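1. I would like to see how this sequence folds:
(one chain, ligands or ions: 2)
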Amino acid sequence: MHPDVTQEIKYLKGVGPKRAELFNKELNIHTFYDLLYYFPYKYVDRTKFYKVREISGSMQHVQVIGKIESFEQVGVGHKARLTAVFTDGTGFLELVWFKGIKWVKQGLKTGVKMVAFGKPSVFNGCVNIVHPELEIYEEGKKTVSGSIQAFYNTTEKMKKNYLVSKSILKLQYNLFSAFKQPLPETLPYWFVKKQKLMPLHEALLNIHFPENNHQLKRAQFRLKLEELFFIQLKLLSIKSYRQRKFKGHVFSKIGDHFNQFFHQHLPFELTGAQKRVIKEIRYDVGSGHQMNRLLQGDVGSGKTLVALMCMLMALDNNTQTCLMAPTEILAVQHFLTFTSMLDSMGLNIRLLTGSTRAKERREIHHELETGNLHILVGTHALIEDKVVFNNLGFVVIDEQHRFGVAQRAKLWSKNTVPPHVLVMTATPIPRTLAMTVYGDLDVSVIDELPPGRKPVKTIHFYDKKRAKVFDFVRSEIEKGRQVYFVYPLIEESEKLDLENLYDGFDLIKQAFPQYRVTMVHGRMKPAEKDAAMKRFKAKEAEILVSTTVIEVGVDVPNASVMVIESSERFGLSQLHQLRGRVGRGADQSYCVLMSSYKLSKESNIRLETMVRTTDGFEIAETDMKLRGPGDMEGTQQSGLGFDLKIAQLGKDGQILSFARNLANEIIENDPALSDDRNQKFKQQLRKMKKTEFNWSSIS
Ligand code: ADP
Ligand code: MG
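-> Ligands and ions are numbered 1, 2, ... in the order given. The predicted structure is shown next:
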């Protein structure tokens, strides 16, 4: 590294120990390098100067060269204000201050050429600027006026200590003055040249002190591309390493199990998307390397069936297979689906969860080891050390974001030849996020719903309209349908939420005395939960009151109404998941979002989005814009620190794709980065924190 940039920030001219401490604590800036990579959040173009007579109230910012003719303070105490008359010969401008009057007044001088900058407004035909920035005008000298000015985020504590955006700009200036030589390039020369990138030093300089808009764009492009490129290079090199190292089982044939199921048992025609994905997987598992694939598809798009058919391929090639689900309810449901769909095919399918009895557990262990067990479905119980397979060839992980890295790794290592791994998401995630979080996996997308589905109608009601909602629910039950009522459960106040749920349960029992109401929540024992779910599935209850435990995967086609209480407290992807529980049968389904009258701006957007669309990919995009990629479901566990310094996954999708292509080209030609020309890449990858990426070698 450049010798100057590793120095502690306190040694920079203008910083010192006190400011250094603020930088450390408030912004996590410790070295010259950290400050250099502390990028502005916005720019204001101050290259244009206006004449007073050109100014209108609709302008964002203006900047005028002129002189103060006079100034005066009006009023006292908190009603005081300071006004100055400013002119450039074409008209008069009033400058106004309400705060810091004493301090501002000391600095005002009449008759000196100055630059006034700020947001103009027009009041009684007179133009004024409230709290303008003033600077002495010096002919020919380049200061912030006359340039594109960078703005930096600071904290309240920093502001109190006069460490504001402008101070940081000044420090950046000092920083560049301290460099005795240009900062060394982090990308190989041939790469910079080929892609016509701005060199690093110039890019950093222009990020803080843009020469003009064009240079600023080039600087941003260079730094964003580099940031995204190295992430992709890392992910793709991991993927390539894995492919070279692990050959995997070669599933060379499609056999009786698959064919028999396909021709005799398949209850419906596969959708085009399902067929395509099965082909993609089929190709992959036959290719002689171990598969790691993510299957993305909207709620209800039929991922389970795809998984099942691929598992049959594994059986056809004399290996065992398993499916792991995050909850007991879901595992049981998959187990039941599999046993009924594969009925009379002579397969041994077993369920293993936390509540499997010891005796049965021992049987399962035994059958697994001897190879008599074909398909194992279960929860986390699958990854226990005692569970040993005879020859595990294919693993499916449903709703994979609910599992941690270590848990997935364990399944992976259950066989000497690592099994093929198919992970499935609960809801779609934006493409840019998938490329980053799951960038080392291959991705298949089911982008088509089974035919005949009627989109769920979604309606938002305020709580005071509850009577109307209940009437509607009653009329649907009279038609023979079943209804979910969902209450939020947020961990910090689990007790309170549980009370809410019980209150809700009582309320609903009172409101619907003629119907049977059942309840599930996370605190219940698995057997109780199971019994309640079974009652609902068997139509022994018309209404199911629950927390979000029913969110994942539960399938009751006759349930056609979903009422979500306090819906403003749920995240978008959670709402979408919940809504996916209805609309699974032939009837028109409804999702009712109940909320209080007072909604935050964000809650409003969430509820509006739900009402407007049922497209999971669109909802995921909106979700990412609202929450930022770091808070999206599934990214927390990834371990990928989402402290992207300049690129934004929501906006820079094109640069991301470009970066990925470039990285791909390099890895394809030189998988281990051993060519001389790629040494800079290799060094840079080594520098990237190991912890950021250790998850990916095993997902
Ligand atoms: P998800 O992708 O959310 O896991 P599921 O696999 O649970 O969705 O499928 C949702 C429902 O659609 C199930 O009841 C399943 O039997 C049904 N289904 C799956 N594929 C098809 C198809 N090709 N045609 C009709 N129904 C299908
Ligand atoms: Mg599912």
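
2. which parts of the stretch 201-350 of the chain sit against ligand 1?
-> By Cβ under 6 Å from any ligand atom, the residues of the stretch 201-350 of the chain that approach ligand 1 are 268-271, 274, 297, 299-305. C-beta: built from backbone N, CA, C; applies to glycine.

3. Taking those residues, tell me the two that lie furthest apart.
-> Glu269 and Val299 (20.3 Å; Cβ to Cβ).

4. Kindly supply the ChimeraX command isolating those of the residues of the stretch 201-350 of the chain next to ligand 1 that are buried.
-> Of these, the buried ones go into a single ChimeraX selection, burial set by 16 or more other Cβ atoms under 10 Å:
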select :270,271,274,297,299,300,301,302,303,304,305
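
5. out of the residues of the stretch 201-350 of the chain next to ligand 1, which one sits closest to Val127?
-> After measuring these against Val127 - Cβ to Cβ - the closest member comes out as Val299, at 55.9 Å.

6. Any chance of the residues of the stretch 201-350 of the chain next to ligand 1 in TSV with secondary structure and pLDDT as columns?
-> Formatted as TSV, these follow (DSSP: H, G, I helix; E, B strand; the rest coil; pLDDT from 0 to 100):
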residue	secondary structure	pLDDT
Phe268	coil	90
Glu269	coil	93
Leu270	coil	96
Thr271	coil	96
Gln274	helix	97
Gly297	strand	91
Val299	coil	82
Gly300	coil	83
Ser301	coil	89
Gly302	coil	92
Lys303	helix	94
Thr304	helix	94
Leu305	helix	95
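
7. Now flag whichever of the residues of the stretch 201-350 of the chain next to ligand 1 is closest to Leu662.
-> Distance to Leu662 across these (Cβ to Cβ) is lowest for Gly297, with 29.0 Å.

8. Look up which residues are beta-bridged to the closest one.
-> Ile446 (DSSP bridges).

9. Out of the helices and strands in this structure, which is least certain?
-> When each helix and strand of the chain is scored by mean pLDDT, DSSP states H and E, helix 405-412 comes last, with a mean of 73.

10. What lies in contact with the next helix or strand after it?
-> Following helix 405-412 in sequence order, the next helix or strand is strand 420-424 (DSSP states H and E). Strand 420-424 is contacted by residues 248-249, 251, 281, 284-285, 290-297, 303, 307, 310, 314, 393-400, 408, 411-412, 441, 699 when judged by Cβ atoms under 8 Å, 6 or more residues apart in numbering.

11. Direction included, what does strand 420-424 pair against?
-> Looking at strand 420-424 with DSSP bridges, its partner strands are strand 292-297 (parallel), strand 392-397 (parallel).

12. Now do it, average pLDDT.
-> The average pLDDT for strand 420-424 rounds to 93.

13. For the helix or strand just after that strand, name the packing helices and strands.
-> Sequence-wise, the next helix or strand downstream of strand 420-424 (DSSP H and E) is helix 431-437. The elements that helix 431-437 packs onto, with contact taken as 3 or more Cβ pairs under 8 Å, 6 or more residues apart in numbering; DSSP states H and E, are helix 213-245, helix 616-627, helix 653-669.

14. Select from the ones you listed the stretch with the lowest mean pLDDT.
-> helix 616-627 (a mean of 88).

15. That helix to strand 292-297, inter-axis angle?
-> Counting by axes from the mean of the first three to the mean of the last three Cα atoms, to 10 degrees, helix 616-627 lies at 100 degrees to strand 292-297.

16. Can you name the residues in contact with helix 616-627?
-> 298-299, 427-431, 433, 447, 571-573, 576, 602, 605-606, 609-610, 613, 632, 649-650.

17. Point out the residues in the stretch 401-550 of the chain that sit beside ligand 1.
-> Pro450.

18. Tell me the secondary structure at the residue of the stretch 401-550 of the chain found nearest ligand 1.
-> Closest residue of the stretch 401-550 of the chain to ligand 1, Cβ to the nearest ligand atom: Pro450 (3.3 Å). Under DSSP: H, G, I helix; E, B strand; the rest coil, the three-state class of Pro450 is coil.

19. now Lys170, nearest residue through space, not along the chain?
-> Ranked by Cβ to Cβ, 6 or more residues apart in numbering and with sequence neighbours excluded, the top spatial neighbour of Lys170 is Gly14, at 6.5 Å.

20. is it fair to say the one you found lies in a helix?
-> No: going by three-state DSSP, the assignment for Gly14 is coil, not a helix.

21. would a markdown table of the helices and strands packed on helix 431-437 with distance to Val96 be doable?
-> As requested, the helices and strands packed on helix 431-437 are exported to a markdown table (distance: least, Cβ to Cβ, whole Å):
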| stretch | distance to Val96 |
| --- | --- |
| helix 213-245 | 31 |
| helix 616-627 | 37 |
| helix 653-669 | 43 |
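
22. Dump those into TSV; add mean neighbour count as well.
-> Shown next, in TSV, are the helices and strands packed on helix 431-437 (neighbours: other Cβ atoms under 10 Å):
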stretch	mean neighbour count
helix 213-245	19
helix 616-627	21
helix 653-669	17
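
23. wait, which of those helices is closest to Glu476?
-> That would be helix 616-627 among the helices and strands packed on helix 431-437, by Cβ to Cβ, at 24.5 Å.

24. close to ligand 1, is the closest one?
-> No: judged by Cβ under 6 Å from any ligand atom, helix 616-627 and ligand 1 are separated, with a smallest distance of 9.6 Å.

25. Using CSV, list the CA coordinates for that helix.
-> Only the C-alpha atoms of helix 616-627 are listed here, as CSV (Å, rounded to 0.1, in the frame of the first residue of the first chain):
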residue,chain,number,x,y,z
GLY,A,616,-43.0,-11.5,-6.1
PHE,A,617,-40.1,-10.2,-8.1
GLU,A,618,-41.5,-6.7,-8.2
ILE,A,619,-42.3,-6.9,-4.5
ALA,A,620,-38.7,-7.9,-3.8
GLU,A,621,-37.4,-5.0,-5.7
THR,A,622,-39.6,-2.6,-3.7
ASP,A,623,-38.5,-4.2,-0.5
MET,A,624,-34.9,-3.8,-1.3
LYS,A,625,-35.4,-0.1,-2.1
LEU,A,626,-37.2,0.4,1.2
ARG,A,627,-34.9,-1.5,3.4
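
26. and the lengthiest strand in the chain, what's its mean pLDDT?
-> Of all the elements of type strand in the chain, the one with the most residues (DSSP state E) is strand 62-74. Strand 62-74 carries an average pLDDT of 93.

27. go on, stretch 543-550?
-> On average, stretch 543-550 scores 86.

28. and that stretch, how far apart are its ends?
-> 13 Å (Cα to Cα, to the nearest Å).

29. And the strand or helix carrying Glu367, how far out from the chain middle?
-> Using DSSP H and E, Glu367 sits in helix 358-370. Relative to its chain's centre, helix 358-370 lies at 40 Å (Cα atoms, centre = their mean, to the nearest Å).

30. Which of the residues in that helix are classified as buried?
-> Arg361, Ile364, His365, Glu367, Leu368.

31. contacting residues for the fourth one?
-> Contacts for Glu367 (Cβ under 8 Å, 6+ apart) come out as Asn348, Arg350, Leu373.

32. go again using 10 Å as the cut-off
-> Glu367 makes contact with Gln320, Asn348, Arg350, Leu373, His374, Leu376, Asn390, according to Cβ atoms under 10 Å, 6 or more residues apart in numbering.
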